[in-house]
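Participant: have a look at this prediction, sequence included:
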Amino acid sequence: MPDRAWWAALWPQPQQVLRSIGITADMTVLDLCCGDGYFTAPLAKLVQGKVIALDIDCAMLERAKGEVAKAGAAVQRWICADAMALTTQLKESVDFVLLANTFHGVPDQTGLVRLVRTVLRPHGALALINWHPADRKETPVFGQARGPKLELRLSPPAVAAIVAPAGFQLARLIELPPYHYAAVFTALP
């Protein structure tokens, strides 16, 4: 897991990224595969604590809890579980699901998207933040090649081909320089 300086080099203003993908203060948001909380802390502030954070790595969740506490924010609930156990872990519905910088590594992407669809409220949204398809040498951070291998990186059309059949419509593509984009999908009725 990269350190904070690495993430900050990619997204120096995480709350601005969250706003740009459509998250607003009145939403309840699931930060799926939240990792060390780089987006969780600013998200918790933005939605005034109406965030649920899930990660498979309990140590990462502890780091995320520390980041949220440092930010003077709160999280509604922390869940240490595999994302594929989402429907057994989350009984309430949410307005928005954020999956940042991890979709490329999900073994069953179609299955996960179907699970996400079941926890979204009508017309809820799913945002996937992904690396643009480029060789790692073309995406340096602090002078070092970074990000997943090219064969794991998904183009926006490839992501849409995975997500749309699960009951979603692509609503927007947002550029997140220097190397990422967000594909925001709306749940169909």
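Facilitator: Arrived safely.
Participant: state the distance from the residue nearest the centre of the chain to residue 127.
Facilitator: For the chain, residue 99 is the residue whose C-alpha lies nearest the centre (C-alpha atoms, centre = their mean; 2.0 Å). Using C-beta to C-beta, to the nearest Å, residue 99 is found at 7 Å from residue 127. Every C-beta, even on glycine, is put in place using the N, C-alpha and C of the backbone.
Participant: find residues that contact each of those two.
Facilitator: Taking C-beta atoms under 8 Å, 6 or more residues apart in numbering as the contact criterion, residue 99 and residue 127 have no common neighbours.
Participant: quick one: low-confidence residue ranges for this structure.
Facilitator: By pLDDT under 70, the low-scoring segments of the chain are 1.
Participant: ranges for the strands of it?
Facilitator: 29-32, 51-55, 77-80, 94-100, 120-131, 140-141, 144-145, 168-176, 180-187 (DSSP state E).
Participant: where along the protein do the helices fall?
Facilitator: Remark: helices assigned in the chain by DSSP state H are 4-10, 14-20, 40-46, 58-70, 86-89, 109-119, 156-163.
Participant: what's the closest of those helices to residue 95?
Facilitator: Ranking those by proximity to residue 95 (C-beta to C-beta) places helix 109-119 first, at 10.4 Å.
Participant: name the stretch among the helices of the chain that sits most buried.
Facilitator: Across the helices of the chain, averaging neighbours per residue (mean count of other C-beta atoms under 10 Å) puts helix 40-46 on top, at a mean of 25.
Participant: from the middle of its chain, how far away would that helix be?
Facilitator: If you compare the mean C-alpha spot of helix 40-46 with that of the full chain, they lie 13 Å apart, counting by C-alpha atoms, centre = their mean, to the nearest Å.
Participant: residues contacting it, please?
Facilitator: Contacts of helix 40-46 (C-beta under 8 Å, 6+ apart): 14-15, 18-19, 23-25, 29, 31, 34, 51, 53, 64, 67-68, 70-75, 98.
Participant: ok, 6 Å please
Facilitator: Residues from elsewhere that reach helix 40-46 (C-beta atoms under 6 Å, 6 or more residues apart in numbering): 14-15, 18, 31, 34, 51, 53, 64, 67-68, 71, 73, 75.
Participant: and residue 53, bridged to which residues?
Facilitator: For residue 53, the beta-bridge partners are residue 31, residue 78 (DSSP bridges).
Participant: so it makes contact with residue 77?
Facilitator: No - counting by C-beta atoms under 6 Å, no contact exists between residue 53 and residue 77, whose distance comes to 7.5 Å.
Participant: which one of the two is surrounded by more residues?
Facilitator: Counted by other C-beta atoms under 10 Å, residue 53 and residue 77 do not tie: residue 53 has more neighbours, with 29 against 12.
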